[in-house]
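A.B. asks: Sequence plus the predicted model coming up.
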Amino acid sequence: MRFTVATRDPFTVLMLNSSSVDDTQRSAVILSPSYKLPVGLGIIDIVLALNDGPLPLEGFILFLATFLYIQATKLRLKFTQESMELISRKEDTGSSVVVRSFPYQDWLNWVVFWPAFPLVFYWKETKSPHFMPMLFDPDELKACLKEHTE
């Protein structure tokens, strides 16, 4: 069994192969952030600004890029044996909190849109569909999804 540890990320779950760690903790994986989408939007905004693009559009794209960048620094996806969890880091304490849990048993399907440049992660549960901007490493996301849902 393979275990990875990324020490520079405050969300990382230390996964050890020892008897003191139960199977749920051992197999938990927290995805690395990806800043490609917010940075790409920022570059588009700069290009629009240099070419005298429409000011309202520039402002909207700048707002969206900033919002997504902040979300990419605060949010993480955690894959456990039973569910995918959306977790958020609290700035004041540095601790992380589970925002929402999505049990795999309720999943019908999932898709990462635009394989060449992933922008959106879509998944459907029995009760509702969900869309999430691609704020995580797409290769790690696909690997975890294949492992847990197929």
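C.D. replies: Received, thanks. Computed from a prediction, not measured in an experiment: that's the story for all the values here.
A.B. asks: OK, contacts around residue 142?
C.D. replies: Taking C-beta atoms under 8 Å, 6 or more residues apart in numbering, we find residue 142 in contact with residue 112. The way it works is simple: take the backbone N, C-alpha and C, and place the C-beta from them, glycine included.
A.B. asks: can you tell me the helix or strand for it?
C.D. replies: Element membership for residue 142 (DSSP states H and E) is helix 138-149.
A.B. asks: got the residue ranges for the helices in the chain?
C.D. replies: Ranges of helices in the chain, per DSSP state H, are 23-26, 36-50, 55-74, 138-149.
A.B. asks: Present the ones you listed as CSV; the columns should include mean pLDDT and distance to residue 90.
C.D. replies: Formatted as CSV, those follow (pLDDT from 0 to 100; distance: least, C-beta to C-beta, whole Å):
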stretch, mean pLDDT, distance to residue 90
helix 23-26, 49, 21
helix 36-50, 94, 21
helix 55-74, 94, 9
helix 138-149, 91, 24
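A.B. asks: Format these as a markdown table; extra columns: distance to residue 114.
C.D. replies: Output for those, formatted as a markdown table (distance: least, C-beta to C-beta, whole Å):
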| stretch | distance to residue 114 |
| --- | --- |
| helix 23-26 | 33 |
| helix 36-50 | 11 |
| helix 55-74 | 16 |
| helix 138-149 | 10 |
